[in-house]
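Participant: here's my sequence, what's the structure:
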Amino acid sequence: MLAWRLEMTGPSLRLEDVPDPVPRPGSVTIRVEACSLVSYQRRYVEGKLPGYNPPAGTFTPGTNGVGVIAEVGAQVYGLAVGQRVLTTGSVTAAENVAEPATALLSMTAAPAAAALLNDWPEGTLAELAVAPVSVVTPIPAALDGVPSERLSVVTRCLVPYGGLTRGRLAAGETVIINGATGDFGQAAVQVALAMGAGLVVAAGRNRTVLDRLASFDRVVSVRLTGDLEADTAALRAATGGGADLGFDMVGQATDTTATRATLDALRRGGRLVLMGSAQVPLTIDYTALMMTNREILGHFMYPASAPAHLLDLAAAGLLDLDAIALTTFPLAELDPAMDAAAEPGGPLVVITPQQNGKEN
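Facilitator: Numbers count the residues shown, from 1 in each chain. Predicted coordinates:
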């Protein structure tokens, strides 16, 4: 099969003809039909993401995929050859210990979980991929007619779903999405709508993307200025006096003013979930936080039930998979695909190993 192979010591990335993988006990081999890229894919393969600890040696990157099971290993009981599935990257060791190891398959793990990552180093930027059954989810029959590249939108929704669930978003509530013009932020808007948010306030700086988001029912947009008082006032006005939940998805922020404005725009008892990243500290007004009974919740990734729940939301017509634009590239064109994925506010970029790329 053809597979992209990455060695981080160089780093070097090359497309190679390698032997077909053989499933291990507790795993399946998937014929990959679609694999979405993260916006920072190029920075990752070039070793420019501080704090990321890749698998040892040479491996195939790619943390997610949609495809068909080609072979099942031993100790696999509910999955079968020919079944259409979604495979995702977040894995937790199946051990009844206080803090089981977690990793992002074929990408990174904390040093303490390096053994788990190195046990499952191979990803989905290939024609075939082996995945542990704990990250493989059957696709409902109601979605049989949906192309695999379109189903890849679900993989972009997993992280925001995890954060909105952690924030206890309830039907009818008002939520502010800070960083709504980014890749995960745009997905967060759609996930919040699918979960029944009464009003979604999309906050960011890219006017073009904000205007597009505001075209959806129950969505209003706020263009942030960087002025704490002005942005807080604009967000409170857009929410009608205060939001129930704030969801922060700004990546590598060099200024946390927007995060502070989101926090200050919450109603009494509101919750703020942090899932982005910042290069500077977030200053908190201790007294204001106490007096307003607000919560700040840090969260990483998503629960194991997330893929199945999102697929059910899509099958029910609640999660609009067509609301996120996408572009596809064939497997051999990973280099331009990574450039396209890095474009701010651009479409979701999907690699299609079994076919030529096209735009949707």
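Participant: from here on, contacts and neighbour counts on C-alpha atoms
Facilitator: Will do.
Participant: where does the closest residue to Ser12 other than its chain neighbours sit, in terms of helix or strand?
Facilitator: Here the nearest residue to Ser12 in space, its sequence neighbours aside, is Leu6; by Cα to Cα, 6 or more residues apart in numbering that works out to 5.7 Å. Following DSSP states H and E, one finds Leu6 within strand 2-7.
Participant: what sits up against that strand?
Facilitator: With Cα atoms under 8 Å, 6 or more residues apart in numbering as the contact definition, strand 2-7 has outside contacts at 12-18, 45, 57-61, 125-128.
Participant: if any of these are buried, give me the ChimeraX selection for them.
Facilitator: In ChimeraX, selecting the buried portion of these, with burial taken from 16 or more other Cα atoms under 10 Å, looks like this:
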select :13,15,45,58,59,60,61,125,126,127,128
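Participant: among the contacts of strand 2-7, which lie within helices?
Facilitator: The subset of these located in helices under the criterion DSSP state H comprises Val45.
Participant: where does Thr328 sit: helix, strand or coil?
Facilitator: Going by DSSP: H, G, I helix; E, B strand; the rest coil, the secondary structure assigned to Thr328 is strand.
Participant: how close does it get to Met338?
Facilitator: If you measure Thr328 against Met338 using Cα to Cα, to the nearest Å, the figure is 11 Å.
Participant: tell me which of these two has more neighbours.
Facilitator: Neighbours per residue (other Cα atoms under 10 Å) separate Thr328 from Met338, with Thr328 holding more: 25 against 22.
Participant: hey, what's that one bridged with?
Facilitator: Thr328 forms beta bridges with Val350, as assigned by DSSP bridges.
Participant: Thr256 is in contact with Ser277, isn't it?
Facilitator: No. The pair Thr256 / Ser277 is not scored as a contact, 9.7 Å apart, by Cα atoms under 8 Å.
Participant: show me the contacts of strand 2-7 that map onto strands.
Facilitator: 12-17, 58-59, 128 (DSSP state E).
Participant: make TSV out of the residues you listed and add pLDDT and distance to His299.
Facilitator: Below are these laid out as TSV (pLDDT from 0 to 100; distance: Cα to Cα, whole Å):
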residue	pLDDT	distance to His299
Ser12	91	32
Leu13	94	31
Arg14	95	34
Leu15	96	35
Glu16	95	37
Asp17	95	39
Thr58	94	30
Phe59	96	28
Leu128	97	32
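Participant: what is the nearest of those to Ser27?
Facilitator: Sorting the ones in strands among the contacts of strand 2-7 by how near they are to Ser27, with Cα to Cα, puts Leu128 at the top with 12.9 Å.
Participant: re earlier: so Thr256 and Ser277 - more neighbours on which side?
Facilitator: For Thr256 versus Ser277, the count of surrounding residues by other Cα under 10 Å is larger for Thr256: 20 against 14.
Participant: which non-adjacent residue is nearest that one?
Facilitator: If you skip the residues right next to it in sequence, Thr256 has Leu282 as its closest partner in space, 6.0 Å away by Cα to Cα, 6+ apart.
Participant: look up phi and psi at Val28.
Facilitator: Note on Val28: backbone dihedrals following degrees, to the nearest 10 are phi -130, psi 160.
Participant: quick one: Leu128 and Glu33 touch, right?
Facilitator: No. With contact defined as Cα under 8 Å, Leu128 and Glu33 do not form a contacting pair (9.1 Å).
Participant: quick one, phi/psi of Gly145?
Facilitator: Taking degrees, to the nearest 10, you get phi -80, psi 0 for the backbone angles of Gly145.
Participant: from Ala187, how far off is it?
Facilitator: Counting by Cα to Cα, the separation of Gly145 from Ala187 is 22 Å.
Participant: and the two? Which one has more around it.
Facilitator: Between Gly145 and Ala187, counted using other Cα under 10 Å, Ala187 has the larger neighbour count: 25 against 7.
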